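# predicted structure and sequence below. I'll ask about it afterward.
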Amino acid sequence: MEFGVSDYYVIGEIITCWGAFLIGVNTILSYALYDRRQRYFLYASVSTFFAAFFNIISVYNISHYTEHSLANCTIITSLYFFILLVSPFIMTSYVCDMALQSDKKKKIFNIVIGIVQSIYFIMVLINLKTGWIFSFNSETGYVRGPVKNITYILSICYGLIIVLIVLIQRRKLARRVFWVFISYPFISIYFIAIQYVFPKLLLTGVASFTSLLFAYVTIQSYTMEINLKTGLLTENRLRKRIHIQHRGGVLYVLMIDNINMIQSSLDVAELNQLYLHLGEIFMNNFPRNAYILSLNRFAAIGSSITEIQNKSKKLLSEIQKLCSDINSIIPVPIETYSAAIEFSKEDNDYDSIMDLINNMLGRSKAAQTRTLQICDESVFADRERKRCIYKILKRELTLESEQFQVWFQPIYSIDGKKFEYMEALSRLRGTELGDIPPQEFVQVAENRGLIELLGFVAFEKVCKFISENRETVNAVSINFSVYQMMNPKIVENVLKTINRFNLSPSNIIMEITESIFIDNYELVMKHMMELAKAGVKFYLDDFGTGYSNLTNVISLPFSTIKMDRSLVLAMEEGQKGVSLFFDLVSTFKGVGFKILVEGVETNNQNYLVERAGVDYIQGFLYSRPLPPGECVELMRRTSNQNVITSS
């Protein structure tokens, strides 16, 4: 395309204006305003747009200088030169920000290139007087100055700086990002060289735009697989990486166990800062290979077990240091469990690998083992056992099942001096694996998505038990999990089940653990209020094992606080434990709560809790969990006489 009789071709600059405009709009509509690195693309696209725009206007003035004042032509062309190198400068700073890890180095680098760019700006300004870069006169119009090639020289310098940084920091960059940055300056230089040879073919804007477009599209698609909160790659990227890893490797996963407690202790800004630091720790130890799987799980890929063991120690040390640095904010240390497993090109199924990792993390948490767990034969055996337990649960979680049972542990009333009600406890007995401990099959149910079904089947069995033993059983307490309490239909399901067995809501006591409120307070409170209004009673279970918000406890419809066994054991360790327990009992009873203590196994423990003034006692001293028939018989036998304690 030509303007008048001019032989300047500007079609490339027109396309550049449109393309740069689209990139700028798209960046604004995505997350440029929230992510610092994305703003580089916004600034670069805006500067590219104006550089191409002023180039077009400038060329028009050059071609028609006789129709305009020389001052107007000079100002327009000066604006073009002033903004011409802004985009290369921004993209060079962007590469520095992506490649360099040290904030100090980034600051020094930006100061240096900022000084260079400032000198260029000064040259453009004083060119209005000196004419070193260009000038206009009434006879020949546009005249190139003695330093007319300064823009070409600086463009090449910016390109070489980018290449040099990328080569030096290549181990810190993802491969895709590395090749983008390596190619970026050569694309610009290619178009600049063409314009240098053919001055009438305007390609300065095209040079910036083409490089910008290449970097934007490639890196934008790459950042779609990056978690912006931590800067780590997402689980989807990890899945792809393991699938294409030709040489195999070692998958390392770290789990933060008490993340809910940490989240509840921090505001949004502090929490974001914590995740940012955790992301930096992982990236520094595992460049290119650091991932985030969920809010409390991080992963990395190493080349050998030895490498993972060494880096794991360093990583955990840095996390502990981070914890000590922010100890004034977080009231508890960051508790972690970690595991690693080797995988090969032939054995790289992601889901199977993660299944093994989850098994190892579960075992580590159950055993409170803080050291790195390495996959061995016992892990495979444990996985097979859990798979078998899962199949058993799928088969047996029905009301009619004889293997999935509900046993009952009587609860003794101190005032009534008898067993008043009982707690329901799930059991899995007589299976092909024998009797399976509750803590084992409950964990499998949680990990495999069966915990909600398990809870409701147990609840149905409890309702059936009460309906068949109305004369003896007044009420049964049963634990409800967070999954059940989060179910939108829990109120409807509970009340329908109660009505189906022709029971009263007062026959049911729902035990809720304190941890259930950390993330789900509003919804759980809503469900509790509706059920309490219908007549269902609530106990706060396991008080003393986690984070408790006493304001929430008081505002919710709990009638009884169930003290955990750990508080009973603490009383036997010394006077501080006794004082703490007595004060807790006194405080809760003072605001109208009943107190139930679990885990009482000795006469001394029984003596202490009775002195504290508790209302109910549950423990092996009075009775172990019993099958339904035996529990009913015990209740009948002791209904009209004092209970004789026995171990």
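That came through, no problem.

# run the chain-centre distance for stretch 230-241.
Here the centre of stretch 230-241 is set off from its chain's centre by 12 Å, with CA atoms, centre = their mean, to the nearest Å.

# that stretch - what's its average pLDDT?
Predicted confidence along stretch 230-241 averages 82 (mean pLDDT).

# what of stretch 107-120?
91.

# contacts for that stretch?
L85, V86, F89, T92, S93, C96, L100, I150, L154, C157, Y158, I161 (CB atoms under 8 Å, 6 or more residues apart in numbering). C-beta coordinates here come from the backbone N, C-alpha and C atoms, glycine included.

# biggest separation within those residues, which pair?
Greatest spatial distance among those (CB to CB): L100 and I150, at 27.1 Å.

# and the helices in the stretch 351-500 of the chain?
Using DSSP state H, counting those that start in this stretch, the helices of the stretch 351-500 of the chain run over residues 377-396, 438-447, 451-468, 482-486, 490-500.

# which of those helices sits closest to L556?
Across those, closest to L556 is helix 482-486 (CB to CB), at 11.7 Å.

# in this structure, which strand is the longest?
strand 418-431 (DSSP state E).

# quick revisit: dump the helices of the stretch 351-500 of the chain to JSON lines, plus distance to V614, mean neighbour count and mean pLDDT.
Supplementary listing: the helices of the stretch 351-500 of the chain in JSON lines, determined by distance: least, CB to CB, whole Å; neighbours: other CB atoms under 10 Å; pLDDT from 0 to 100:
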{"stretch": "helix 377-396", "distance to V614": "36", "mean neighbour count": "15", "mean pLDDT": "87"}
{"stretch": "helix 438-447", "distance to V614": "25", "mean neighbour count": "18", "mean pLDDT": "88"}
{"stretch": "helix 451-468", "distance to V614": "24", "mean neighbour count": "20", "mean pLDDT": "94"}
{"stretch": "helix 482-486", "distance to V614": "26", "mean neighbour count": "20", "mean pLDDT": "85"}
{"stretch": "helix 490-500", "distance to V614": "28", "mean neighbour count": "17", "mean pLDDT": "94"}
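
# and those helices as a markdown table, adding distance to S135?
What follows is the helices of the stretch 351-500 of the chain, written out as a markdown table (distance: least, CB to CB, whole Å):
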| stretch | distance to S135 |
| --- | --- |
| helix 377-396 | 78 |
| helix 438-447 | 76 |
| helix 451-468 | 80 |
| helix 482-486 | 74 |
| helix 490-500 | 81 |
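
# just tell me which of those ends up closest to A44.
Nearest of the helices of the stretch 351-500 of the chain (CB to CB): helix 482-486, 45.3 Å.

# S135: which element?
In the assignment (DSSP states H and E), S135 maps to strand 134-137.

# so what does that strand touch, helix or strand wise?
Judged by 3 or more CB pairs under 8 Å, 6 or more residues apart in numbering; DSSP states H and E, strand 134-137 is in contact with helix 70-84, strand 141-144.

# gap between L567 and V553?
15 Å (CB to CB, to the nearest Å).

# who's more crowded, those two?
Just comparing L567 and V553: by other CB atoms under 10 Å the higher neighbour count belongs to L567, 21 against 17.
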